[in-house]
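Enquirer: heads up, no residue letters with this:
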């Protein structure tokens, strides 16, 4: 993995998550935001989780060759 992608992961995920937990505001974490998105569905969260999972897996499988094989160059 190149340093570019590592920097993105740290800056876009690690810093906000750490800041929210250090300042004792766990409701500002990304996982809390996903739980908040599922609340209006009143227990029928499996559809929302499925949509989120499909989107994340699609993003992962699309990015994987770019990260591993460096095909963006």
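Expert: Good, I have the coordinates. Given the structure is predicted, the values throughout are model-derived calculations rather than measurements.

Enquirer: what does the helix or strand of the chain with the lowest mean pLDDT rub up against?
Expert: Confidence across the helices and strands of the chain bottoms out at helix 30-38, with a mean of 75, counting by mean pLDDT, DSSP states H and E. Applying CB atoms under 8 Å, 6 or more residues apart in numbering, the contact partners of helix 30-38 are 13, 16, 17, 26, 27, 45, 48, 49, 52. C-beta coordinates here come from the backbone N, C-alpha and C atoms, glycine included.

Enquirer: so how far is it from its chain's centroid?
Expert: Averaging C-alpha positions (CA atoms, centre = their mean, to the nearest Å) puts helix 30-38 11 Å from its chain's average.

Enquirer: and for stretch 3-20?
Expert: The answer for stretch 3-20 is 11 Å, by CA atoms, centre = their mean.

Enquirer: when you give positions from now on, start the count at 783
Expert: Renumbered: residue one is now 783, and that last one reads stretch 785-802.

Enquirer: and the contacts of that stretch?
Expert: 808, 809, 810, 811, 812, 849.

Enquirer: most surrounded residue in those?
Expert: Per-residue neighbour counts (other CB atoms under 10 Å) across the contacts of stretch 785-802 peak at residue 811, which has 16 neighbours.

Enquirer: and that one, how far from residue 805?
Expert: Separation of residue 811 from residue 805 (CB to CB, to the nearest Å): 11 Å.

Enquirer: where along this structure do the helices fall?
Expert: Ranges of helices in the chain, per DSSP state H, are 785-791, 797-804, 812-820, 827-851.
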